[in-house]
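Trainee: Whatever this is, show me its structure:
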Amino acid sequence: MQITRYSSKEPIVFVWFMGPYVFFINWLIFGHCIFSSLTGFLTTFGASTLYFAFIYFLFGIVAVLIKKRFPGDGEFFSRITAMLPVFYLMNLLMIQGIYLFYENVSFIVCTPMRSNEWWVTGFGCLCSTVITFINEAMVGWEKWKASVTETSRLQNTYQKSRLLVLKRQINPHFLFNCFNSLSSLISEDSDEAEKFLDEMTKVYRYLLKGENEQLVPLADEMKFIQSYLFLNQTRFGSALQINVEIDEKDKEKKLPPLSLQVILENIIYRNAFSKTNPLLAVIRSAGNDELVIENNQQLKQTKDSSEYEEGLDNLVNKYQLLNQKKVEIVETAEARKVILPLISAQEVPV
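Mentor: As a prediction, the model looks like this:
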């Protein structure tokens, strides 16, 4: 059975504190008599160390229970005001227990001095207070280190996501497909070719803008997505069918730029589809400040989609870096649903 500790450094605090604590407790109880015999000193020290180690274990259980009752960082004073009175009462009982133990065993040569029991109790309470604050400091230190590590990881993820945005700006595969489609249209339908070029310009204008924005309105993102979908649907025709069903009120909400492009690109490049077996997807409002992107799954067997999965992973981490609700991904063999949180104006990080 795993023992729950107040902090991971609690055993270290115990090891460094227990020796001096037992030494001074015994000196207060027995006075200079404790030093009259090496054997007597070692016997007393060993017996009292076992006793106080067990008591320390009980203190630890009480501390963990109170911490579970007041776990938050802002509940420090609630924990302390609940913990210390209980510890002081336990100290009173503990000192009476050690006196009774010393008075009723035959191998202790010295006689415990009852006249010092309040000094001993006060010393025990002082030590409990010091240990409590040390353990609280250890907990704070561990949380701070974890926070620094997590922040560093998320910062690296954010920089990586910016690199991915840059890669998309100059994606040769996407450019090649666009120019190939444009070349075909020029010879077949010059008006359609002109429209295609106009939509392509809008896509790259937004890609360049998105590199420097933290959040953009959903309305702006959807204008970009309409152009992005136009380019892809010109290429794939009826094989790619994507419907958009977004409430007007949600268009004022915000999200990281290129979020939908990351998801749609992932959908398009990891699935196999044709006119007889089309790829079906929908982008819709789901209420509760959420946007849902659903699609049927027809996964390619040979295509390496790791780059596009990496883009989706970075989108998930970007929301975490912004301290927003998590991006949810629900996936089965037949379909996948990505639930993207929308950010209202008052939630926008400063």
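
Trainee: how about the strands in this structure?
Mentor: 216-217, 240-245, 254-255, 279-287, 290-296, 328-331, 335-341 (DSSP state E).

Trainee: number of nearby residues for Tyr21?
Mentor: Other residues near Tyr21 number 20, with proximity taken as other C-beta atoms under 10 Å. (Glycine included, C-beta is placed from N, CA and C.)

Trainee: from here on, count from 37
Mentor: Will do, 37 is the new start, and the previous item becomes Tyr57.

Trainee: residues near the closest residue in space to it that isn't next to it in sequence, how many?
Mentor: What sits nearest to Tyr57 in space, not counting adjacent residues and going by C-beta to C-beta, 6 or more residues apart in numbering, is Cys163, at 5.7 Å. Residues contacting Cys163 under the criterion other C-beta under 10 Å number 18.

Trainee: now, of the strands of the chain, which is deepest in the fold?
Mentor: Among the strands of the chain, ranked by average contacts under mean count of other C-beta atoms under 10 Å, first place goes to strand 290-291 (a mean of 22).

Trainee: Remind me what that strand packs against, helices and strands.
Mentor: strand 252-253, helix 254-272 (3 or more C-beta pairs under 8 Å, 6 or more residues apart in numbering; DSSP states H and E).

Trainee: mean confidence for that strand?
Mentor: For strand 290-291, mean pLDDT is 92.

Trainee: what does stretch 317-330 give?
Mentor: 92.

Trainee: Could you do stretch 274-282 as well?
Mentor: 92.

Trainee: outside of it, which residues touch it?
Mentor: Contact with stretch 274-282 is made by 254, 258, 261-262, 265, 268-269, 300, 304, 309-311, 313-321, 327, as judged by C-beta atoms under 8 Å, 6 or more residues apart in numbering.

Trainee: let's go with 7 Å and repeat that
Mentor: 258, 265, 268-269, 309-311, 314-321 (C-beta atoms under 7 Å, 6 or more residues apart in numbering).

Trainee: what's the answer for stretch 111-124, then?
Mentor: The contact list for stretch 111-124, computed with C-beta under 7 Å, 6+ apart, reads Phe95, Val98, Ala99, Ile102, Lys103, Phe106, Cys161, Ser164, Thr165, Thr168, Glu172.

Trainee: What is the burial count for the second one?
Mentor: In other words, Val98. Neighbour tally, Val98, other C-beta under 10 Å: 15.

Trainee: cool, the last one as well?
Mentor: Residues near Glu172, counting by other C-beta under 10 Å, number 18.

Trainee: So for Phe212, what pLDDT did the model give?
Mentor: So, for Phe212, pLDDT stands at 67.

Trainee: ok, now Gln269?
Mentor: pLDDT, Gln269: 88.

Trainee: what's the answer for Thr157, then?
Mentor: Model confidence at Thr157, given as pLDDT, is 88.

Trainee: quick one: contacts for it?
Mentor: Taking C-beta under 7 Å, 6+ apart, one finds Asn127, Leu128, Ile131 in contact with Thr157.

Trainee: do the same with Val58
Mentor: Phe81, Ser84, Thr85, Phe88.

Trainee: re the thing from before, Glu345: which of the strands of the chain is closest?
Mentor: strand 364-367 (10.7 Å; C-beta to C-beta).

Trainee: hey, where'd the helices end up in this protein?
Mentor: 46-66, 74-105, 112-139, 153-205, 208-224, 226-246, 254-272, 295-306, 342-357 (DSSP state H).
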